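Student: 3D model of this:
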Amino acid sequence: MPAAGNSPSPAKPPNARAGGGASLRAPLFAAAATAIIFLVAAVVSALIVREHLLDVAQANFDTHVSHVTADVRRELQLCTQLLRGASGLVVAQAQSGGDGKPTADAWDRYVARLDLDDTPPCVRTLGYADASPLAAADGNAAPGPLAHGVVMWPPRGEGTDGVELGVSDATRAAMMRAANSGDVALAIRAQPRETASEAEPVENQARARVDLYLPVYRVAPPPVLAPARRAALMGFVVARLDTEYLFASIAAHEPRMELRVAAGQPPISLYPPGAALPKPNDRPSRFQRTETLRFGGQALSLFYATSDPSLATSADFSSSAILSAGFAAALVTGAAVFVFVRKRGMTLAEAGMARSRSSLNEARMMAIFQSSGEAIITLDEQQRIVMFNPAAEEVFRCSAMDAIGTPVDRFIPARFREAHRKHVERFGETGVTQRKMGRQQPVLVGLRTNGEEFPIEASIAQVNDGHGKLYTVTLRDITERIEAENALKASRQELRELSANLQSVREDEKTRIARELHDDLGQQLTALKMDLSSAEQSLAETPSSPEPVLAQLRGMRRLIDSTVGSVRRIAADLRPVMLDDLGLLPAIDWLLNDYNTRYGLEIERRIEPGKMSFSRNGATTLFRIMQEALTNVVRHAEATRVSISLVCEDGECVLRIADDGRGANDAQATEGHGEKSFGLLGIRERVHVLGGSVSIETAPERGFALTARIPLAAIQQEEALP
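Tutor: Predicted coordinates:
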């Protein structure tokens, strides 16, 4: 029994600790479920975005592969044109009374004029073989050779089957296909290597031998009947192709892409020479594509593969960023749900106990104050420090014992102390509970104990505890963020400088290419046209000149005229010669007249530069802005009328291009959305480099107007400056 006068101490509930654990179960479960949902959503989003970006990268790779295949087709077409030119020589000699076969000397002279060592690069041997009649009653060829008496160049070369063609099955099939169709035929067969060892695989012991055959007829044969075609056959023009050089020259322009080529039945590797045939899973490249190119009755399989990391960089970065953001969102949202559910789950009894234990809550608040990662300082009405948490000690490098009781001015640079004191006093008079400090100057400056200044962000709150006002300042050190922002600004400036340099290099390269096209290729085509005209005139003066040859020469002259026009147009599109030779104004007149002629645009112009003398960079910038704007009008605006003005006054040059087309939304024009964004972005970058500005006025169905303002000092020649 208890002693008299003694009362038993109150017993704690046996399940108090268990109840406290149970009260945490629901918040923890809700927080975990929310975090898992956010993580799953982030993973799914990252996978979707990654697959989409990889599909975009594959589409870009496929487009690039199609361009490379087109280059291969173009090179093979050049070889075909060479054979057709040689067939014209054979026909001309036959019609002039010869025996239908050119002599070795005549053939060597003709081939020497073609300069096969340089063009086209894939033809290294060219020859001619007269053919025996191929017509037969049943439509089949004779069992013997189809052609004999081969004349080849260079003289050291040998015929595709010695001195008689049609010995091998591949050659016979190609020649019959050419004779029946009247078009070029391709023959592919394996040629064993002399140095191959018996241990090597079969595909590594053979190299491909590729020949082209073009039939030559005495007279124009009927277009359909194969026997009639074979009866009119006179011979074949034969060419040996260097496929290794052809595909190696194309692969050299694509160092990050693997190229394999195979053709024939059974398939033979054409490139790399003697390599194993491509298989679906022999190389785990990230991007692959196989294209089929049909030429000369054969199907060439071109296998492209690459593991270029730049194609998948965007997908990897985006998916990683989404996963990181999802993980952070899961943590933050889970914590918020935990706090919310725990707060909502508090019972009235627990609330009463919390009120009865206010001292314990104060201790908890003090614990939060002490453990907060943000620096917290509490001031009295005289702005003396009354509370100073450990985070503040770390930020200002001063202990709480030394800071409490001292004015807060010691942590503010001297030049800001008076303004800070007045700011706190005005805040106390307003009665506002809390607000952010430094509205006019978001980034404030703090002072460490060692005299070092550093940037901070701060907010202030006030409360009246019955003994007077207390001000609580919460602040954070943003030194790292400011350094990151400055680094970002420096990086952006470097990117702008890089963009400007790339624009300059691009213009120089365009100028060089345009000059070479205009001066070199144009002169060579003109000389070729003169030689062809001279040959045509000489042949026309011959009493027995064949009319088909004259017609072919006239067709060649027209083709050269068309080629000269194409060369001039391409050179002008790259960079008009008159922009460098005559200046900006003649180049603008040419550009506007060209768009008026080619696209039927009605252009109203007002070009009034006054006595302004433009620098080369300034003239190029204005010309490219006008060219890009007109290109956008033609591609997107559906306009019929364009107004262009160029005025130099009041220290700036104003270029304005306006159309009456369909216009665009303001968001598309100002934020860079839509298919016009790259052109407008290029214009903005060009103007920004010169210190100018670009403004856009547009609305749906209200037209599109672009105005560029550039300081005259940025585009004026130095000698013209006052």
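
Student: Now do the SS call for Gly428.
Tutor: Three-state assignment for Gly428 (DSSP: H, G, I helix; E, B strand; the rest coil): helix.

Student: can you pull the contacts of it?
Tutor: Residues near Gly428 by Cβ atoms under 8 Å, 6 or more residues apart in numbering: Glu381, Gln462, Lys469, Tyr471. C-beta here means a position set from N, CA and C on the backbone, and glycine is covered the same way.

Student: any idea how far the first one lies from Leu114?
Tutor: By that I understand Glu381. 101 Å (Cβ to Cβ, to the nearest Å).

Student: After the host helix or strand of Leu680, which helix or strand is next? Please name it.
Tutor: Counting by DSSP states H and E, the element that carries Leu680 is helix 677-689. Of the helices and strands lying after helix 677-689 in sequence (DSSP H and E), the nearest is strand 693-698.

Student: counting contacts, what elements does that next one pack onto?
Tutor: helix 666-671, helix 677-689, strand 704-711 (3 or more Cβ pairs under 8 Å, 6 or more residues apart in numbering; DSSP states H and E).

Student: Can you tell me which of the ones you listed is packed in deepest?
Tutor: Mean neighbour count (mean count of other Cβ atoms under 10 Å) peaks for strand 704-711 among the helices and strands packed on strand 693-698, with a mean of 20.

Student: what does the next helix or strand after that one contact?
Tutor: Counting by DSSP H and E, the next helix or strand C-terminal to strand 704-711 is helix 712-715. Helix 712-715 has contacts (Cβ under 8 Å, 6+ apart) with 612, 614-615, 617-619, 621-622, 648, 651-653, 690-692, 721.

Student: Weed out the non-buried ones from the residues you listed.
Tutor: 612, 614-615, 617-619, 621-622, 648, 652-653, 690, 692 (16 or more other Cβ atoms under 10 Å).

Student: returning to that earlier point: redo the contacts of Gly428 as CSV? Include distance to Thr511, neighbour count and secondary structure.
Tutor: Output for the contacts of Gly428, formatted as CSV (distance: Cβ to Cβ, whole Å; neighbours: other Cβ atoms under 10 Å; DSSP: H, G, I helix; E, B strand; the rest coil):
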residue, distance to Thr511, neighbour count, secondary structure
Glu381, 74, 15, coil
Gln462, 68, 19, strand
Lys469, 73, 12, strand
Tyr471, 67, 20, strand
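
Student: Farthest pair within those residues?
Tutor: Glu381 and Gln462 (9.8 Å; Cβ to Cβ).

Student: list the residues that contact both of the two?
Tutor: Listed as contacting both Glu381 and Gln462 by Cβ under 8 Å, 6+ apart are Gly428, Lys469.

Student: Next SSE downstream of the lowest-mean-pLDDT helix or strand in the chain?
Tutor: One helix or strand of the chain scores below all others by mean pLDDT, DSSP states H and E: helix 202-205, with a mean of 45. Per DSSP H and E, the first helix or strand lying C-terminal to helix 202-205 is strand 206-217.

Student: in the sheet, who's paired with Ala299?
Tutor: Bridge pairing for Ala299 (DSSP bridges) gives the partners Arg294.

Student: Check the offset of whichever strand or helix holds Ala112 from the chain's centre.
Tutor: If you go by DSSP H and E, Ala112 is part of helix 104-114. Centroid separation between helix 104-114 and its chain, computed with Cα atoms, centre = their mean, to the nearest Å, is 47 Å.

Student: and it, what does it pack onto?
Tutor: helix 16-95, strand 123-131, strand 147-153.

Student: can you put these in a markdown table and add distance to Ala714 and mean neighbour count?
Tutor: Formatted as a markdown table, the helices and strands packed on helix 104-114 follow (distance: least, Cβ to Cβ, whole Å; neighbours: other Cβ atoms under 10 Å):
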| stretch | distance to Ala714 | mean neighbour count |
| --- | --- | --- |
| helix 16-95 | 36 | 15 |
| strand 123-131 | 53 | 22 |
| strand 147-153 | 60 | 21 |
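
Student: Phe454: which of these is closest?
Tutor: Nearest to Phe454 among those is helix 16-95 (35.1 Å), distances taken as Cβ to Cβ.

Student: ok and that closest one relative to helix 104-114, angle-wise?
Tutor: Interaxial angle of helix 16-95 relative to helix 104-114 (axes from the mean of the first three to the mean of the last three Cα atoms, to 10 degrees): 140 degrees.

Student: picking up where we left off before, give me the angle between the helix holding Leu680 and strand 693-698.
Tutor: Orientation note: helix 677-689 sits at an angle of 150 degrees relative to strand 693-698 (the same axes, to 10 degrees).

Student: What is helix 677-689 packed up against?
Tutor: Applying 3+ Cβ pairs under 8 Å, 6+ apart, we find helix 677-689 packed against helix 479-515, helix 616-632, strand 693-698, strand 704-711.

Student: for the stretch 501-650 of the chain, what spans make up the helices?
Tutor: 522-541, 547-574, 577-581, 584-599, 616-632 (DSSP state H, counting those that start in this stretch).

Student: Return the most buried member of those.
Tutor: Taking mean count of other Cβ under 10 Å, helix 616-632 is the most buried of the helices of the stretch 501-650 of the chain, at a mean of 20.

Student: how far does it sit from the chain's center?
Tutor: 22 Å.

Student: which residues are in contact with it?
Tutor: By Cβ under 8 Å, 6+ apart, the surrounding residues in contact with helix 616-632 are 504, 507, 576, 579-580, 583-584, 587-588, 591, 595, 601, 614, 642, 644, 646, 653, 655, 657, 676, 679-680, 682-683, 686-687, 689-690, 704, 706, 708, 710, 714-716.

Student: okay but Ile412 is in contact with Ala419, surely?
Tutor: No. Between Ile412 and Ala419 there is no contact under Cβ atoms under 8 Å: 9.1 Å.

Student: Which residue of the two possesses the greater neighbour count?
Tutor: Between Ile412 and Ala419, counted using other Cβ atoms under 10 Å, the more crowded position is Ile412 (19 against 10).

Student: Next up, the contacts around that one.
Tutor: Neighbours of Ile412 in contact, by Cβ under 8 Å, 6+ apart: His420, Val445, Gly446, Leu447.

Student: Tabulate those residues (a markdown table), appending secondary structure, distance to Met626 and neighbour count.
Tutor: Listed next are the contacts of Ile412 as a markdown table, based on DSSP: H, G, I helix; E, B strand; the rest coil; distance: Cβ to Cβ, whole Å; neighbours: other Cβ atoms under 10 Å:
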| residue | secondary structure | distance to Met626 | neighbour count |
| --- | --- | --- | --- |
| His420 | helix | 55 | 19 |
| Val445 | strand | 48 | 14 |
| Gly446 | strand | 53 | 21 |
| Leu447 | strand | 55 | 19 |
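
Student: Those residues into a markdown table, with extra columns for pLDDT and distance to Met152?
Tutor: Converted to a markdown table, those look like this (pLDDT from 0 to 100; distance: Cβ to Cβ, whole Å):
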| residue | pLDDT | distance to Met152 |
| --- | --- | --- |
| His420 | 80 | 97 |
| Val445 | 84 | 87 |
| Gly446 | 85 | 89 |
| Leu447 | 85 | 92 |
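
Student: and which of the residues you listed is nearest to Gly297?
Tutor: Of all those, the one with the least separation from Gly297 (Cβ to Cβ) is Val445, at 81.3 Å.

Student: what's around Asn450, how many residues?
Tutor: By other Cβ under 10 Å, 8 other residues sit near Asn450.

Student: doesn't Arg397 make contact with it?
Tutor: Yes. Contact criterion Cβ under 8 Å: Asn450 and Arg397 qualify, at 6.3 Å.

Student: what do those two both touch?
Tutor: With Cβ under 8 Å, 6+ apart applied, the contact sets of Asn450 and Arg397 do not overlap.
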